[in-house]
Structure formats: structure tokens, C-alpha cells
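# Predicted model and sequence follow; I will ask about them next.
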Amino acid sequence: MGIMEIKKKLNTPSGNTHDIKYLYNVIAGLKRKGGRVESNPETFKYFKKMINDYNDAKASKFGLSSKPKEVDIKVVNNIIAELKYIKLIRKENGHLALTNEGENIASLIEEKDSERLKEVFAKLMIENYRVFEYFLKRIKEVSGGKGIPIPSPSVRAEVLDKSGGNPEIVVERYVKIINENYPPMHLNLDSILSLLKAKNVDTIDKKTKKIKNLQAVIEKYVVSEIFQPNIKSRRAYDFVRSRTTFLELTNYAIFDFEGFPAEVTYLISDFEPTFNHATKTVDYSGGRVYINYPAFEDMKDIFKETIAKNYNTYKDDFGYMKIAAVRDTVCRELKISDNLFDIYLKKLYEEEPHWLSFTYAGAGDKITEKRLPIIFEKPMREFFTLLKVNLRR
């Protein structure tokens with residue numbers, strides 16, 4: 001396969017590898033073998049094992065509710081193709097070898113310099129795949145950075161029930177809610193209803209299948225309407241969104257709109273210096289990206305206020321609130337990453353341990369890669385899924 005063929009194929013990445021850390025693992029694995037290995041089935045099995053071990057370790061560390069699916073050799077092939085495309089490895093005389101930049105990144109991985117790694121990969125993604133810059137600019141253009149809401153991956157059965165089992169009423173409610181909350185989007189009700197009719201969704205008897213088809217119609221319409229012609233499917237959208245979120249350029253979460261769950265992706269970066277506090281910057285050939293990264297001291301008061309406000313609104317009868325739910329709402333209001341929220345929540349607890357209490361909800365609390373617990377490593381390793389704000393003290 002020639003380089004032009006790879007370039008053409010990968011300019012919008014294939015969508016197979018959401019997790020950039022898969023790329024880290026192959027680079028680290030190559031470095032561990034001296035930076036050069038034979039390109040053969042044994043090497044690919046070695047990379048596959050590294051990625052599966054990484055997935056298992058992550059599942060154990062965070063107590064994920066479901067174990068990640070094992071990756072196959074096809075995924076490894078995709079990663080190798082991408083690493084060649086972004087010039088971190090090269091193929092020579094039947095071998096795979098790290099390039100100079102690949103060696104530099106391998107050193108950052110060894111040093112566990114996660115912040116620098118994110119900056120380097122943000123630049124690599126924006127430089128090599130035009131879809132990333134387009135995605136960020138389009139969200140700003142369409143929503144002023146406020147965000148793009150898409151029906152969550154689980155339009156709940158009660159949404160359909162509340163609408164008397166009529167998919168058209170669901171669509172009408174969804175369009176009304178989105179147009180009221182996000183007026184720049186101007187979704188066209190008639191267009192979605194036409195798609196719904198074309199798919200004969202109202203004639204499907206089985207409720208789960210009806211919901212799945214209904215959601216697929218709305219998703220496809222919203223994604224293609226907003227991101228056409230560059231992003232045409234939910235799968236491609238999720239891919240770009242996952243990577244930009246890991247790189248702290250965007251963030252997303254599921255929010256409730258009058259009983260209608262929608263997943264909102266919003267910007268936590270900008271191509272202009274629009275943020276009030278400190279930022280991290282990523283320079284690339286087309287300009288500069290500013291990532292909102294306020295210092296803890298600058299945002300401690302507003303951070304506490306926002307946590308307290310959301311806690312008062314959403315706490316349960318026992319005075320606790322899910323950390324994942326606090327994180328979702330606070331990050332959206334302050335336009336910060338989940339990662340920064342976790343770092344600052346721990347700092348807040350160190351400085352004011354009387355202000356916060358933590359506990360673990362037990363096995364009933366679903367932990368996913370987007371809804372992670374807070375982990376304290378010292379004095380002993382513990383993880384928590386619920387918090388309480390002690391406002392009276």
C-alpha cells in the first residue's frame with residue numbers, strides 16, 4: 001500500500017481506534033524491544049497482548065462495570081497504519097522502527113508525562129487529520145461553543161412511553177427542546193419526520209427495535225445536518241469526539257432535557273484566547289489552539305461554588321450525589337476537562353478535608369470509561385463514587 005493510498009484512507013481516521021493510549025502502547029512496546037522489530041505475526045501478537053493487558057489493567061483500576069472487549073489483530077494493523085501515517089514509526093527492510101519523533105514520544109511515555117503527551121498528540125491529530133480542526137470550528141460556529149446535543153446512546157423506553165408510543169411525538173419533542181435550548185441549530189422537524197416515514201419506524205412492533213431505529217434516524221439527521229460532508233455517521237462522530245475529549249479540546253456528557261436524555265459535546269478549547277484564566281496552547285501549522293486550563297488558585301472559589309450549587313440541586317435523600325454527575329455538570333459550567341476536575345477535587349479535599357465526604361455506592365453504581373470514580377492512592381488505595389458537601393461546618 002503506497003503512502004498516498006494510506007493518506008487518502010486515513011485523512012478522516014477510520015474510527016476503529018478511539019483510545020489514543022492504544023497508540024502509546026504500541027510505541028512503548030516498540031521501545032521496549034530496542035525501537036526496532038521484525039514486522040511479522042509474532043510482533044503483532046505482542047502488540048495485541050500489550051493493548052489487551054492495558055485494557056484489563058484499566059478495568060481493574062477503576063472497577064469498570066463491564067470488561068473491555070479484547071482487541072484483535074485488525075485493530076493492531078490499524079494502529080500500525082496510523083503510526084506510520086503520522087510518522088512515528090517507519091517500515092524498513094521488513095522491520096518496524098521508531099522515527100526520531102517516535103523516540104521522543106517513547107521517552108515522554110516512559111516519564112509518564114501525560115500533559116506533554118496530550119499536547120504532542122493534539123498537534124499530531126490537528127496537523128494530520130483535517131477533520132479535527134473542522135470539528136472544533138464547526139461546534140463553535142453552530143453553537144457558539146455551547147455544545148451539540150444528540151440523543152444519548154440509550155433513548156430510554158420511558159421517552160417513548162411518555163409520547164404514547166408514537167415516534168413522531170418523540171421527534172417533535174426532541175426538535176422543540178433542541179431548538180429552544182440551542183437556537184443556532186434550527187433543526188428541521190419536517191426533514192426528520194420524512195426520514196422517520198421512509199424507515200417505517202411507526203410500524204415496528206418490538207419496542208426495543210422501535211427505539212433503536214428512532215434513535216438512529218435522529219442521530220443520523222443531526223450528525224449529517226451539522227457536520228456534512230466531513231462527518232456522516234454517529235460512529236465517525238464518536239471517534240472524533242472521543243479523541244478530542246481525551247486531548248482536552250472538547251468534553252461531553254449526557255444531560256436531561258425535560259425527561260429527554262441527550263449527549264452534549266461542548267468546547268473547552270478555542271482558536272482565539274477567549275478564556276479568562278490560564279490556558280495551555282498547542283501550536284500547529286494552521287494556527288494555535290488555546291485549551292482552558294485555569295490554575296487551581298484562580299478557580300478554587302468558583303469551583304467550590306459550582307460544586308455546592310449542583311450538590312444542593314441533585315443530592316439524594318441521604319445527602320450524597322454521584323461524583324460522575326457532579327463532574328458532568330461542573331465541567332460543563334466551567335468548561336474544563338474531566339481530568340482537571342478530578343485533579344482539583346483531590347486538591348480541594350487535601351486543603352479542606354472537612355468540606356467534602358466520600359463513599360462508595362457499591363456494585364449498583366455503573367462505572368464506565370466516561371463515568372469514573374475518584375481514586376485516592378494514599379495513604380491507601382481507595383475509590384469513591386459518591387460525595388457529600390458538608391456545608392454547615
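Right, received. Where do you want to start? Residues are numbered from 1 along each chain as shown.

# Just the pLDDT for the nearest residue to Ser242 once chain neighbours are set aside.
In this structure, Ser242 finds its nearest non-sequential neighbour in His18, 4.0 Å apart by C-beta to C-beta, 6 or more residues apart in numbering. All C-beta spots, glycine's among them, are computed from the backbone N, C-alpha and C. Predicted confidence (pLDDT) at His18: the value is 89.

# burial of His18, as a residue count?
Residues contacting His18 under the criterion other C-beta atoms under 10 Å number 17.

# isn't it right next to Tyr237, touching?
No. His18 lies out of contact with Tyr237 (C-beta atoms under 8 Å); the separation is 11.5 Å.

# Surely the residue nearest to Ser242 forms part of a strand?
No. Read with DSSP: H, G, I helix; E, B strand; the rest coil, His18 is coil and lies in no strand.

# quick one: contacts for it?
Contacts for His18 were tallied using C-beta atoms under 8 Å, 6 or more residues apart in numbering; they are Asp238, Phe239, Ser242, Arg243.

# pLDDT score for the residue lying farthest from the centre of the chain?
Here the chain reaches farthest from its C-alpha mean at Asn93, the gap being 37.9 Å by C-alpha atoms, centre = their mean. For Asn93, the pLDDT comes out at 93.

# Could you measure from it over to Glu42?
From Asn93 across to Glu42, the span is 17 Å (C-beta to C-beta, to the nearest Å).

# got it, and Asp202?
Counting by C-beta to C-beta - Asp202 and Glu42 are separated by 54 Å.

# Contact partners for Ile150?
Ile218, Glu219, Val222, Val223, Arg234, Tyr237, Ala262, Glu263, Thr265.

# Who are the contact partners of Thr306?
Thr329, Val330, Glu333, Leu334.

# Beta-bridge partners for Glu92, please?
On the basis of DSSP bridges, Glu92 is bridged to His95.

# Now do the closest residue to Gly145 other than its chain neighbours: how many residues are near it, please.
Using C-beta to C-beta, 6+ apart and skipping the chain neighbours, the partner closest in space to Gly145 is Leu267 (4.2 Å). Residues lying near Leu267 (other C-beta under 10 Å) number 25.

# pretty sure Leu267 contacts Leu249?
Yes. Using C-beta under 8 Å, Leu267 is in contact with Leu249, at 7.5 Å.

# Identify the contacts common to those two.
Joint contacts of Leu267 and Leu249 (C-beta under 8 Å, 6+ apart) are Leu136.

# Give me the most central residue, this structure.
Central residue of the chain (C-alpha atoms, centre = their mean): Ser242, at 3.5 Å.

# if I look at that one, how far off is Val223?
Taking C-beta to C-beta, one finds Ser242 at 14 Å from Val223.

# for Leu108, same thing?
Taken as C-beta to C-beta, the span from Leu108 to Val223 is 34 Å.

# who touches the particular helix or strand that has the residue nearest to the centre of the chain in it?
Per DSSP states H and E, Ser242 falls inside helix 234-246. Applying C-beta under 8 Å, 6+ apart, the contact partners of helix 234-246 are 12-13, 15, 18-20, 118, 125, 131-132, 135-136, 150, 216, 219-220, 223, 227, 231, 250-252, 265, 337-338.

# Stretch 267-276 now?
Under C-beta under 8 Å, 6+ apart, the answer for stretch 267-276 is 136-137, 139-140, 145, 147, 248-251, 279, 287-292, 294, 331, 335-337.

# Just the buried ones from those residues?
Buried by 16 or more other C-beta atoms under 10 Å: 136, 139-140, 145, 147, 248-251, 279, 289-292, 294, 331, 335-337, out of the contacts of stretch 267-276.

# So which of the residues you listed are in helices?
Leu136, Ile139, Lys140, Cys331 (DSSP state H).

# In JSON lines: these, plus pLDDT.
As requested, those are arranged in JSON lines below (pLDDT from 0 to 100):
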{"residue": "Leu136", "pLDDT": "95"}
{"residue": "Ile139", "pLDDT": "93"}
{"residue": "Lys140", "pLDDT": "92"}
{"residue": "Cys331", "pLDDT": "98"}
